[in-house]
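A.B. asks: this one's sequence-less:
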């Protein structure tokens, strides 16, 4: 189970990084939202398995890093919406 959890953690961080990187490319925001969604799913799986089997006791895990990176496209969209209202 530990090996599977490590693989899920690497996938979660990679998808999160990819969605964050696509977010700042021109027209990449449209591609970063589905990649961020997949990153959120894998990060949630990581956090679930980590909590269920209590494998990792650190506070900052790859699941948390993946969640933060995967949420950057949505935060960017919210910033764009609030900036355009002024």
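C.D. replies: Yep, it's here. Keep in mind it's a predicted model, so treat the numbers as computed, not measured. Numbers count the residues shown, from 1 in each chain.
A.B. asks: contacts and neighbour counts: CA atoms only from here.
C.D. replies: Noted.
A.B. asks: what ranges do the helices span in the protein?
C.D. replies: Remark: helices assigned in the chain by DSSP state H are 2-23, 29-53, 62-70, 72-84.
A.B. asks: most packed of the ones you listed?
C.D. replies: Between the helices of the chain, helix 62-70 has the highest mean count of neighbours, a mean of 23, where neighbours are mean count of other CA atoms under 10 Å.
A.B. asks: can you pull the contacts of the closest residue to residue 10 other than its chain neighbours?
C.D. replies: Leaving aside its sequence neighbours, residue 10 sits nearest to residue 62 (CA to CA, 6 or more residues apart in numbering; 7.1 Å). Applying CA atoms under 8 Å, 6 or more residues apart in numbering, we find residue 62 in contact with 9, 10, 12, 13, 43, 46.
A.B. asks: my read: the fourth one touches residue 61, true?
C.D. replies: By that I understand residue 13. No - with contact defined as CA atoms under 8 Å, residue 13 does not reach residue 61; the gap is 9.8 Å.
A.B. asks: quick one: the most centrally placed residue in the chain from residue 54, how far?
C.D. replies: Centroid check for the chain by CA atoms, centre = their mean gives residue 70 as the closest residue, at 2.8 Å. Separation of residue 70 from residue 54 (CA to CA, to the nearest Å) stands at 24 Å.
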